[in-house]
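Undergrad: can you look at this prediction? I've put the sequence above it.
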There are 2 protein chains.
Amino acid sequence: MSSSPDLPHPERSELSLTTVLFALSDPERLAIARQLVDGPLDMAECHLSNPNVPKSTKSHLMKVLRTSGVVRNEANGRARRLSLRREDLDARFPGLLDAVLSAEDPKA
Amino acid sequence: MSSSPDLPHPERSELSLTTVLFALSDPERLAIARQLVDGPLDMAECHLSNPNVPKSTKSHLMKVLRTSGVVRNEANGRARRLSLRREDLDARFPGLLDAVLSAEDPKA
DNA sequence: TCCATTGTTCGAATTATTTCGAACCTTTTA
DNA sequence: TAAAAGGTTCGAAATAATTCGAACAATGGA
């Protein structure tokens, strides 16, 4: 049976503020994070503003979010389950996620 | 007498969350912002982690902070007075600046 | 007035990030 | 068990950001 690859995630103690800020500084990535506030989604359910971008590009966006520690990416059948690492982020950078996600911003 | 150039600053309503996050996502720029929490400083009083970087580089770091709206840069004699745009940032993105500046992060 | 101080700006080189097709890997379903 | 679904990875090309020297500008003091 083996299993879909377990992708590497930084531990809570390894999270870097500037790396997290960078991950969230891209409108498309921020939009993805916002889609996850109400709970995990499979990758196919996460929509990009431009629905025509190739899957490799989408995968790369997810990688930046994952390697920064913003998002967890776990195998879920043949899909990928994405979730916000809210507890880890709140523990490490209190108030940051709330501030970022609750900010209203026309220009993203 | 004329006067030192008045550099352009975005208005409060023009501030973009992702642009602000990007500005703060660089360790050196974040460190500069942190030096301004206790009040304005002249540029010469803002220290970089590497004191040997040329002034043009330092000026560019300041430009990113200024054009994103994180910092105000005003003429002050032949110096430049830098200040955090705390009120504008708080109004636009409540809690963000506090969260970013209060976060303790070994790796910056 | 001359000149040192304190910057900004420009352009070019370097470096980092993004984008995307192609190849590949699991899992599920036919 | 073949093939489709859903994604990751790799490498190369395009784009963006950073770095830094040189040239320039305004201020303040001698």
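TA: Received, thanks.
Undergrad: which stretches of chain A form strands?
TA: Chain-ordered strands for chain A, with DSSP state E as the definition, fall at A:41-42, A:71-76, A:79-84.
Undergrad: contacts for the first one, please.
TA: Okay, so that is strand A:41-42. Residues outside strand A:41-42 that contact it (Cβ atoms under 8 Å, 6 or more residues apart in numbering or on different chains): A:35, A:76, A:79-83. Every C-beta, even on glycine, is put in place using the N, C-alpha and C of the backbone.
Undergrad: check the second one too.
TA: Among residues not part of strand A:71-76, those counted as contacts by Cβ under 8 Å, 6+ apart are A:3-7, A:9, A:32-33, A:36, A:42-43, A:62, A:65-66, A:80-85.
Undergrad: rerun at 7 Å
TA: Outside of strand A:71-76, the residues that reach it under the criterion Cβ atoms under 7 Å, 6 or more residues apart in numbering or on different chains are A:3-4, A:7, A:9, A:33, A:36, A:42, A:62, A:65-66, A:80-85.
Undergrad: looking at the residues you listed, spot the one nearest DNA strand C.
TA: residue A:3 (3.5 Å; Cβ to the nearest atom of the strand).
Undergrad: thinking again about what came up before, with mean neighbour count and distance to DNA strand D added, can I get the strands of chain A in CSV?
TA: Compiled in CSV, the strands of chain A are given as follows (neighbours: other Cβ atoms under 10 Å in any protein chain shown; distance: least, Cβ to the nearest atom of the strand, whole Å):
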stretch, mean neighbour count, distance to DNA strand D
strand A:41-42, 16, 4
strand A:71-76, 17, 5
strand A:79-84, 18, 4
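Undergrad: for those, give me TSV that also has mean pLDDT.
TA: What follows is these, written out as TSV (pLDDT from 0 to 100):
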stretch	mean pLDDT
strand A:41-42	98
strand A:71-76	97
strand A:79-84	98
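Undergrad: between the ones you listed, which gets nearest to residue B:48?
TA: Across the strands of chain A, the minimum distance to residue B:48, taken as Cβ to Cβ, is reached by strand A:71-76, at 32.0 Å.
Undergrad: farthest-separated two in the contacts of strand A:71-76?
TA: Spatial extent of the contacts of strand A:71-76 (Cβ to Cβ) is set by the pair A:3 and A:33 at 26.2 Å.
Undergrad: who has more neighbours out of the two?
TA: Relative neighbour count places residue A:33 above the other of residue A:3 and residue A:33, with 21 against 6, counting by other Cβ atoms under 10 Å in any protein chain shown.
Undergrad: what residues does chain A put near chain B?
TA: Contact residues (Cβ under 7 Å from any Cβ of the partner chain) of chain A with chain B: A:16-18, A:21-22, A:24-27, A:30, A:93-96, A:98-100, A:103, A:105, A:107-108.
Undergrad: these, buried ones only, as a ChimeraX selection?
TA: Restricted to the buried members of the residues of chain A next to chain B, where burial is judged by 16 or more other Cβ atoms under 10 Å in any protein chain shown, the ChimeraX selection command reads as follows:
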select /A:16,17,18,21,22,24,25,26,27,30,93,94,95,96,98,99,100,103,105
